[in-house]
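> starting from these lines, generate the structure:
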Amino acid sequence: MLELKPQPLATVSPPVPKILQEGYFVRFTDQWPDTLSNVKGKLFQIEKTNQVPYDITRIIPGGNYTDVDLSNATGGENIYPENTRTLYETLIGLHLGNYLVHFYIPAGEYVHRLEQAGMVPNVASATLRYLGARKPKDSPPDDKRIFTYSVKDLEPLILRLLVDNGVLWEKMVLELLVNKCYLKQIPSPTTEQIARAKKIQYYTELRWGA
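Modelled structure (predicted):
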């Protein structure tokens, strides 16, 4: 449900769309919880899409951080579906600036960490603030490479924006493109459909060894 796509190593002709399109298949793994049984272990075909741009901005002083909740919880940015047949594929581009971005889901649970005890992001540490952090160069607005996938009632995805020391104030701009996908379940998918489907993992699958 969270991906950082690397820069392409080859050019494909004709070009291949980087976002989900009508007619594409998506498959949710069996690791999705029973509380999200409407998608767990199921395969869907996308019936229609609609792309909605949305910018999120924050201005904070150096050495400080702020949290951005993408969910529909109170105080969140409401970038989650409210329909059980809708999947949001959200692309995030980071405008240039002296800041880092950490990802948590749910709050306090690190998406990116290492297996050694204590090797977790820590914005109060002079070294661990850089562990697992994404920088603007990792996902520029004109080549968004951070992708998130959300369904109704998924736990909140938190982006912690940290302005590094040595900066007076920083304006951080997250340029989002929300690709709304309306899903039709395929109850008995063929082997070919399964092979063609984009696999959407649950966030716990990204944290083995944690």
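> use CA for all of it now, contacts and neighbours both
Noted.
> quick check: longest strand of this protein.
Of all segments of type strand in the chain, defined using DSSP state E, the longest is strand 43-61.
> for that strand, packing partners?
strand 25-28, strand 169-185 (3 or more CA pairs under 8 Å, 6 or more residues apart in numbering; DSSP states H and E).
> using PDB, list the CA coordinates for the longest one.
What it means is strand 169-185. C-alpha atoms of strand 169-185 as PDB (Å, rounded to 0.1, in the frame of the first residue of the first chain):
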ATOM      1  CA  TRP A 169      11.800  28.500   8.000                       C
ATOM      2  CA  GLU A 170      10.800  26.100   5.200                       C
ATOM      3  CA  LYS A 171       7.700  25.900   3.100                       C
ATOM      4  CA  MET A 172       7.000  22.300   2.200                       C
ATOM      5  CA  VAL A 173       4.600  21.500  -0.700                       C
ATOM      6  CA  LEU A 174       3.300  18.000  -1.300                       C
ATOM      7  CA  GLU A 175       1.800  17.700  -4.800                       C
ATOM      8  CA  LEU A 176      -0.700  14.900  -4.800                       C
ATOM      9  CA  LEU A 177      -2.500  13.200  -7.700                       C
ATOM     10  CA  VAL A 178      -5.400  11.000  -6.400                       C
ATOM     11  CA  ASN A 179      -6.300   8.400  -9.000                       C
ATOM     12  CA  LYS A 180      -9.800   7.300  -8.000                       C
ATOM     13  CA  CYS A 181     -10.400   3.800  -9.200                       C
ATOM     14  CA  TYR A 182     -13.900   2.200  -9.200                       C
ATOM     15  CA  LEU A 183     -13.600  -1.600  -8.700                       C
ATOM     16  CA  LYS A 184     -15.600  -4.600 -10.000                       C
ATOM     17  CA  GLN A 185     -14.800  -7.800  -8.200                       C
END
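> so what strands line up beside that strand?
strand 43-61 (antiparallel), strand 86-94 (antiparallel) (DSSP bridges).
> winner for burial among the ones you listed?
strand 86-94 (a mean of 24; mean count of other CA atoms under 10 Å).
> contact partners of the helix or strand just after that strand?
Once strand 86-94 ends, the next helix or strand along the chain (criterion: DSSP states H and E) is strand 99-104. By CA atoms under 8 Å, 6 or more residues apart in numbering, the residues outside strand 99-104 that reach it are 110-112, 121, 130, 132-136, 157-164, 170, 172.
> relative to strand 169-185, how tilted is the helix or strand just after strand 99-104?
Following strand 99-104 in sequence order, the next helix or strand is strand 146-150 (DSSP H and E). Here strand 146-150 runs at an angle of 50 degrees relative to strand 169-185 (axes from the mean of the first three to the mean of the last three CA atoms, to 10 degrees).
> thanks a lot, catch you later.
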